[in-house]
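A.B. asks: Fold the following.
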Amino acid sequence: MTKIYLPHKVPLKDVYKKIKHLAIVAHADDIELSAPQFIVNGLGSFFGIVMGDNKGWPIRPEYKKLSSDKIQKIREKEQERAASIGKYNGVAFLRLASRDIKSISKKDKVVNMIYDLIKDMPVKSVCTHSLFDNHPTHVAVVQRVVLALKKLPLSKRPKAFYGMEVWGSLEWLPKKYRVVFDVSSSIVLIKKLLSVYKSQSYKGHRYDQALLTRLKANALFSETHGFSEKSALIYGMDLLPLLEKRGLNFEKYLQDIIKAFLKEKKNNL
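C.D. replies: Numbering: from 1, shown residues only. Predicted coordinates:
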């Protein structure tokens, strides 16, 4: 059963009117890992949707004896805390098992769940996971999100649609398909947001430190000649063509990107 958390206790119909920036992701903490640019730039107009049920075991050993239902509650509370700190308009939890998100037979049901949530939102930009993500559930999320957005009338579809890096980096994408967001001025907020996910952090396994390192590395290695003036960058892929071009399916789009990548590298040779 879908749960919706509204930090500011505003009626849902009024919240929906304000939503301009939307993140639709697989798990609690994926919003903060993949959409810091939306959170910062969309203050007062940002909403997140977490599709997974968050019952997967976190890394901290003291939680291993807890039931999956208790794990779910812990992770949802962490996500709600992040929403409060980041001043989100709200977060919806679809509470779907990963197997259901990936299921072909349940595809229409999942797509309709997303559509029913977003159909009345005046959204201008959407971000989700990358099609090149190494996590199968993340890739399934992208596919379901695309299908849900395509159910919207053309006039209601977002003007910007991005697939952001999480499991796997995207600095290698050809420039035509790569989007770059400068989050240099948002490091303090990003740290605060990720610090709430205690269940996912233990000793050397720290998503917060890994993300900050990636953002800094992206900035440092963004310039091959000279010094980059940026200190933190996050990369994504442009997914808007999947909403605009008829006959462009997921496989064809991936092939187009890989062909462009090979051409770019051959030119370097």
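
A.B. asks: C-alpha only now, for contacts and for neighbours.
C.D. replies: Noted.

A.B. asks: Could you tell me how far stretch 256-265 lies from the centre of the chain?
C.D. replies: The chain centre lies 25 Å from the centre of stretch 256-265; the measure is CA atoms, centre = their mean, to the nearest Å.

A.B. asks: If you count neighbours, what's buried in it?
C.D. replies: Using 16 or more other CA atoms under 10 Å as the test for burial, stretch 256-265 gives Ile257, Ala260, Phe261.

A.B. asks: neighbouring contacts of stretch 255-267?
C.D. replies: Trp172, Leu173, Pro174, Tyr177 (CA atoms under 8 Å, 6 or more residues apart in numbering).

A.B. asks: Report the buried members of the residues you listed.
C.D. replies: Here, 16+ other CA under 10 Å leaves Leu173, Pro174, Tyr177 buried among the contacts of stretch 255-267.

A.B. asks: Quick check: of the residues you listed, which lies closest to Gln200?
C.D. replies: Leu173 (29.0 Å; CA to CA).

A.B. asks: in which helix or strand would I find the residue nearest to that closest one when sequence neighbours are not counted?
C.D. replies: With sequence-adjacent residues excluded and distances taken as CA to CA, 6 or more residues apart in numbering, Leu173 is closest to Phe261, at 6.7 Å. Phe261 is part of helix 250-268 when elements are defined by DSSP states H and E.

A.B. asks: next one: Tyr235
C.D. replies: Using DSSP H and E, Tyr235 falls within strand 233-238.

A.B. asks: Off-centre distance for that strand?
C.D. replies: Here strand 233-238 is found 11 Å from its chain centre; the criterion is CA atoms, centre = their mean.

A.B. asks: just checking, what packs against it?
C.D. replies: Applying 3 or more CA pairs under 8 Å, 6 or more residues apart in numbering; DSSP states H and E, one finds that strand 233-238 contacts strand 160-164, strand 178-182, helix 207-220.

A.B. asks: partners of it in the sheet?
C.D. replies: strand 160-164 (antiparallel), strand 178-182 (antiparallel) (DSSP bridges).

A.B. asks: so what's Ser195 up against?
C.D. replies: Applying CA under 8 Å, 6+ apart to Ser195 gives the contacts Asp208.

A.B. asks: about what we covered before: I'd like the average pLDDT over the strand holding Tyr235.
C.D. replies: Across strand 233-238, the average pLDDT comes to 96.

A.B. asks: helices or strands up against the following helix or strand past it?
C.D. replies: Of the helices and strands lying after strand 233-238 in sequence (DSSP H and E), the nearest is helix 241-244. Here helix 241-244 touches helix 136-150, going by 3+ CA pairs under 8 Å, 6+ apart.

A.B. asks: Dump the C-alpha coordinates for the helix it packs on into CSV.
C.D. replies: Output of helix 136-150 as CSV, limited to C-alpha atoms (Å, rounded to 0.1, in the frame of the first residue of the first chain):
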residue,chain,number,x,y,z
PRO,A,136,18.8,-4.5,-12.4
THR,A,137,16.1,-3.0,-10.3
HIS,A,138,17.3,0.5,-11.1
VAL,A,139,17.1,-0.3,-14.8
ALA,A,140,13.6,-1.7,-14.4
VAL,A,141,12.6,1.5,-12.6
VAL,A,142,13.7,3.6,-15.6
GLN,A,143,11.7,1.5,-18.0
ARG,A,144,8.5,1.8,-15.9
VAL,A,145,9.0,5.5,-15.4
VAL,A,146,9.4,6.1,-19.2
LEU,A,147,6.1,4.2,-19.9
ALA,A,148,4.3,6.1,-17.2
LEU,A,149,5.4,9.5,-18.5
LYS,A,150,4.4,8.5,-22.0
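
A.B. asks: can you pull the contacts of Asp120?
C.D. replies: Asp120 neighbours (CA under 8 Å, 6+ apart): Tyr16, Lys17.

A.B. asks: scratch that, Tyr177
C.D. replies: So Tyr177 contacts Met237, Asp238, Ile257 (CA under 8 Å, 6+ apart).

A.B. asks: if we can go back for a sec, could you provide the buried residues of stretch 256-265 in JSON lines, with additional columns for distance to Thr2 and pLDDT?
C.D. replies: As requested, those are exported to JSON lines (distance: CA to CA, whole Å; pLDDT from 0 to 100):
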{"residue": "Ile257", "distance to Thr2": "35", "pLDDT": "96"}
{"residue": "Ala260", "distance to Thr2": "40", "pLDDT": "96"}
{"residue": "Phe261", "distance to Thr2": "40", "pLDDT": "95"}
